[in-house]
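> no sequence on this one, just coordinates:
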DNA sequence: TTGTTAATTAAGAATAATTCCTGTTTAGGA
DNA sequence: TCCTAAACAGGAATTATTCTTAATTAACAA
């Protein structure tokens, strides 16, 4: 999904394209990784000193609601945000020592018995799944 | 795992059995569900008015480190704790409307390609997996 | 039974992510 | 150019959790 596509979708839903919003999208598209609000704010505030954290929170909220952004908690209670194709998502291996993360090509919802859940009349909206442990580098140091 | 077993294991690891610690274990064993620190503190503070929240946090921390307690975040950023058999855990269907939860008999680690992860030299320590959506009751109301 | 000591505790301050509030500014359509 | 709903900045408020400090106590040994 290009920056242009994101802008179009925002306009379609009646959102205005402010310089702040544009910059937030630019930075996230450029970095293409899970960023904290602090990361995003930091990247922008050099050029845009008055940007408030609240504006970053507000905008990742908008993008998340339109399914253009994935929010993941890497286990420290801090939200991490990344632009994604419509509603798509990935799960991760997350290092408890250095905090690095790596995507895995597996989603538990492809393996769980969905029928069993439907039988309970539970309507799935979303899910989380992250694996925590120690990456190759940090495992090695440990020895 | 009985309360006695828990006490024995605590003693084995050099922990003292204080009345506060005993009460926290009693309440959690009695309720046998995922409780917030506030839940636990509330249940006890009637009989034990001076119990501090810090003591509850400290004790669930001890129990977690000894693999006798599972900490789960039901999506609101608040820890929820439940006594469990040694290191065992369950995943849940969690209602975004009423907050109720139901265990599911499925763990993604039984299905993911573990070899692929070992090949990356990643050492798994723990994982999370929770499904969010709307329970039968709340889905019905919606209509 | 009493003394010793490391573990534990209470109380409140500190921290940190996120949300809320208020008054001001502005994007985009008329 | 004007109008108005949306968006903004700045800072206060909220909330889960951790930290600090001084006092208390469980467990063990003499």
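Okay, I see it. What you see is a predicted model; the values in this text were computed from it and never measured. Numbers count the residues shown, from 1 in each chain, chains lettered A, B, ... in the order given.
> Only C-alpha atoms from now on, for both contacts and neighbour counts.
OK.
> interface residues of chain A facing chain B?
Within chain A, the positions near chain B by Cα under 8 Å from any Cα of the partner chain are A:77, A:93, A:106, A:108, A:111-112, A:120-136, A:139.
> Keep only those of those residues that are in strands.
A:93, A:123-134 (DSSP state E).
> Quick one: list the elements packing against the helix or strand where residue A:118 lies.
Assigned by DSSP states H and E, residue A:118 belongs to helix A:114-119. On a contact count with 3 or more Cα pairs under 8 Å, 6 or more residues apart in numbering or on different chains; DSSP states H and E, helix A:114-119 meets no helix or strand.
> Provide the contact partners of that helix at residue level.
residue A:123 (Cα atoms under 8 Å, 6 or more residues apart in numbering or on different chains).
> any idea of the mean pLDDT in that helix?
Across helix A:114-119, the average pLDDT comes to 94.
> Tell me how far that helix lies from the chain's centre.
In terms of Cα atoms, centre = their mean, to the nearest Å, the centre of helix A:114-119 is found 28 Å from the chain centre.
> residues in contact with the spatially most central residue of chain A?
For chain A, residue A:81 is the residue whose C-alpha lies nearest the centre (Cα atoms, centre = their mean; 2.8 Å). Residues in contact with residue A:81 (Cα under 8 Å, 6+ apart) are A:33-37, A:60, A:69-72.
> Please verify my assumption that residue A:24 contacts residue A:44.
Yes: using Cα atoms under 8 Å, residue A:24 is in contact with residue A:44, at 7.4 Å.
> who in chain A is up against DNA strand D?
For chain A, the contact set with DNA strand D under Cα under 7 Å from any atom of the strand comprises A:14-21, A:49-55, A:58-59.
> count of residues packed around residue A:98?
Counted by other Cα atoms under 10 Å in any protein chain shown, the residues lying close to residue A:98 total 11.
> give me phi/psi at it?
phi -100, psi -10 (degrees, to the nearest 10).
> Please name the nearest non-neighbouring residue to it.
residue A:138 (7.2 Å; Cα to Cα, 6 or more residues apart in numbering or on different chains).
> can you check residue A:74 too?
residue A:94 (6.8 Å).
> now swap in residue A:121 and tell me
With Cα to Cα, 6+ apart as the criterion, residue A:121 has its nearest non-adjacent residue at 4.8 Å, and that residue is residue B:136.
> Surely that neighbour is in contact with residue A:124?
No: look at residue B:136 against residue A:124 with Cα under 8 Å: they stay out of range, at 11.0 Å.
> Got the domain ranges for chain A?
A:1-88, A:90-143 (automatic domain parsing).
> Out of these, point me to the one whose mean pLDDT is lowest.
Minimum mean pLDDT among these: domain A:90-143, a mean of 92.
> List phi and psi for the closest residue to residue A:83 other than its chain neighbours.
Using Cα to Cα, 6+ apart and skipping residues adjacent in sequence, the residue nearest residue A:83 is residue A:69, 4.3 Å away. Residue A:69 adopts backbone torsions of phi -150, psi 140, taken as degrees, to the nearest 10.
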